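[1] build me a model from this:
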Amino acid sequence: MATISDVAKLSGLSVSTVSRVINNKPHVSEAKRQRVQEAMDALGYSPLQAARQMRGSGSGNVAVVVPTITNNFFAHLVDSIERTCSKYAYRTLIIQTYGERAGEEEALNLLRMQHADGAILCAIENQWELIRKFTQYGRLVACNEYNEDHEISMICGRQYEGFQKATEYLLGKGHQRIAYCTGAKALVLQPKGLNIDSDRYRGFIEILSKAGKSADPDQMFTRIHTMEDGKRVMKKILNLSLQERPDAVIAGSDEVAAGMVIEGLANGIRIPEDIAILGVDDQPLASCIQIPLTTIRQPIAQEGEYAAKEMIRQLRDGAEDTIRKELDLELVIRQSA
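    So this is what the prediction gives:
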């Protein structure tokens, strides 16, 4: 069965241009429209939009897809996206995937059903081969995620460099055994620039290696997301002998770091003298807890604003080009490390 990519290849145009022709979007020349129609006829391609006589008006909705809205990082990211979209008279539909592939595909189906004109993906659960198919139904922007498909715009932070800075800082303070927490299901290294979790871990282990050290597999904690997870990790650390304990932890998020601080203090641990704890994101709680967090600040508001503006640019202006924007992360030094 022919796909929109087949139509693009036969017509000699981009997938985004073919999608705009199918959806009767403006700013496409008559010659290009004719090429697309001829390719569709030759391939027998008749997508849902064509069957509905190439609708001309959109829903005015932008889907914003996140793992969970209860995570402070995603709450602030969604707030930035929604505020920006509203300035341009676009509504947002917030969809939580709970980290499940089926949830993400269900969200993308809003495009196919014409309930949303585009989707901002704030975490990627499926393979790009599946996600790419939905470009025939609407626009996609990846936010806080790397994207190997250059036909989809991407806005994210420079995670590799940010975690290098954090690791260099801890080593510079004299720490010898650094534990590492991540929300990822497993620690898997991929080529740089393809996966956020991989880039974070790569930045960490490469700086360790330059210092003649290596990561201890027993002190790498996966699937760590919440404050309660942070407390649980600290309990595991405290069950180790003094010789085995890490003297610093990169906690993966400020929520996790806060949980570790709370549990550590409750058990008489001096922070940072006994164990330094470094967070990620610089959420509001980072500066409010009993031991304010040293943390890797992510430009959350900027990421959300850029992603929303890029979506509006594509929907409102019919832009064919895509962007790839990476923002710097900043190490904010407070008391916890």
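
[2] any idea of the mean pLDDT for the longest helix belonging to the chain?
    Longest helix in the chain by number of residues (criterion: DSSP state H): helix 300-317. Confidence for helix 300-317, expressed as mean pLDDT, is 91.

[3] following the helix or strand of the chain with the lowest mean pLDDT in sequence, what is the next regular element?
    In the chain, the helix or strand scored least confidently by mean pLDDT, DSSP states H and E is helix 48-51, which has a mean of 42. Remark: after helix 48-51, the chain's next helix or strand is strand 61-66, criterion DSSP states H and E.

[4] ok, and what's touching that next one?
    74, 77-78, 81-82, 85, 90-97, 104, 107-108, 110-111, 115-123, 308, 311, 315 (C-beta atoms under 8 Å, 6 or more residues apart in numbering). For glycine as for every other residue, the C-beta is placed from the backbone atoms N, C-alpha and C.

[5] for it, which residues meet the burial criterion?
    61-66 (16 or more other C-beta atoms under 10 Å).

[6] out of these, who's nearest residue 127?
    Nearest to residue 127 among the buried residues of strand 61-66 is residue 65, at 15.4 Å by C-beta to C-beta.

[7] in space, what's closest to that closest one - neighbours in sequence excluded?
    The spatial neighbour of residue 65 that comes closest, neighbours along the chain excluded (C-beta to C-beta, 6 or more residues apart in numbering), is residue 107 at 4.6 Å.

[8] close enough to count as contact, the one you found and residue 94?
    No - proximity of residue 107 to residue 94 does not meet the contact threshold set by C-beta atoms under 8 Å, at 9.7 Å.

[9] more crowded one of these two?
    A count of neighbours by other C-beta atoms under 10 Å puts residue 107 above the other of residue 107 and residue 94, at 23 against 14.

[10] contacts only, for the more buried one.
    Per C-beta under 8 Å, 6+ apart, neighbours of residue 107: 63, 65, 95, 97, 119.

[11] any idea which element it lies in?
    With DSSP H and E as criterion, residue 107 is part of helix 101-112.
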